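Student: Task: produce atomic coordinates for the following.
(one chain, ligands or ions: 2)
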Amino acid sequence: MIVASPKSIKEIVSLIDRHQKVLFVGCGTCVTVCLAGGEREVGIAAYAVRMARKLAGKPVEIEQVTIERQCENEFLKDLVPMVARNEAIVSFGCGAGVQAIAERFSTKPVYAALNTEFLGILEEQALWTEKCMACGDCMLATFGGICPVTRCAKRMLNGPCGGSTEDRCEVADDRSCAWQLIYKRLKDIGQLDRLEPIIPPKDWSHAWHSGARKTVRPEHRV
Ligand code: SF4
Ligand code: SF4
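Tutor: Ligands and ions are numbered 1, 2, ... in the order given. Below is the predicted model:
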């Protein structure tokens, strides 16, 4: 899922400094699961921002709503009347959600309340870790299901680098060496031979370096 973290209340107050009526919009999917931008977080932020503005002598009216997915136009249509009666929108969606709202409501200011961080998983209670950088050319089959592009600090495709201590990465000792994990995993599944060939340089043409990417599936278009 997409993992994000909330901006501070101070930042959100500053974002809407010039407005008196603002719509706070939560998103019911990834950012709800990672406790950053769901109904609960929108409610807490709205309360805190109202209090901060009141104490500053500049009260603000905040309307709040959480929709199922901000990144789909289908759900954005429910916002139309609420957007019409507010001066600006604060989106608690990921970066895609914020931009979808900005495209849909092109004459209203839209502000991001979250910092969108990575594609990851819930490791344990309230701890998420990054697993994928969406490179567009997945190599997990070669590496036993462990991504060196994301999880090796040097993004080595022919590791390890030789700097690990025990099973720790030399760049950040709070993280496992991805190559230790890859070796163990391939050994456990009887596929260590996958590490014998030198892996050629990755084809980055599917990645993010040449701007925003598109995916089209003609068979599903109407
Ligand atoms: S190889 Fe690319 S698509 Fe596959 S997990 Fe790693 S970053 Fe994600
Ligand atoms: S110690 Fe392991 S994870 Fe860290 S940079 Fe070297 S090979 Fe990559």
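Student: quick one: Arg221 and ligand 2, what's the gap?
Tutor: 41 Å (Cβ to the nearest ligand atom, to the nearest Å). The C-beta positions use only the backbone N, C-alpha and C, and glycine is treated the same way.
Student: Contact distance from ligand 1 - what residues of the protein qualify?
Tutor: Those residues of the chain that sit near ligand 1, judged by Cβ under 6 Å from any ligand atom, are Cys132, Met133, Ala134, Cys135, Cys138, Met139, Leu140, Cys147, Val149, Thr150.
Student: Could you export those residues as a markdown table, including pLDDT?
Tutor: Formatted as a markdown table, the entries for these read as follows, by pLDDT from 0 to 100:
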| residue | pLDDT |
| --- | --- |
| Cys132 | 98 |
| Met133 | 97 |
| Ala134 | 97 |
| Cys135 | 96 |
| Cys138 | 97 |
| Met139 | 97 |
| Leu140 | 98 |
| Cys147 | 98 |
| Val149 | 97 |
| Thr150 | 98 |
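Student: quick check, nearest of those to Leu114?
Tutor: Ala134 (17.9 Å; Cβ to Cβ).
Student: Looks like that closest one contacts Leu119 (just checking).
Tutor: Yes: the pair Ala134 and Leu119 passes the contact test of Cβ atoms under 8 Å, sitting 6.1 Å apart.
Student: Can you report how many residues lie near Cys71?
Tutor: Taking other Cβ atoms under 10 Å as the neighbour definition, Cys71 ends up with a count of 19.
Student: Ignoring the adjacent residues along the chain, who's closest to it?
Tutor: Spatial nearest neighbour of Cys71, excluding adjacent residues (Cβ to Cβ, 6 or more residues apart in numbering): Ala96 at 4.5 Å.
Student: Checking that neighbour next. Helix, strand or coil?
Tutor: Under DSSP: H, G, I helix; E, B strand; the rest coil, Ala96 falls in the helix class.
Student: Can you report how many residues lie near it?
Tutor: Going by other Cβ under 10 Å, the residues that sit close to Ala96 add up to 16.
Student: quick one: contacts for it?
Tutor: With contacts defined as Cβ atoms under 8 Å, 6 or more residues apart in numbering, the neighbours of Ala96 are Ile2, Gln70, Cys71, Thr116.
Student: Dihedrals phi and psi, Trp128?
Tutor: phi -110, psi 150 (degrees, to the nearest 10).
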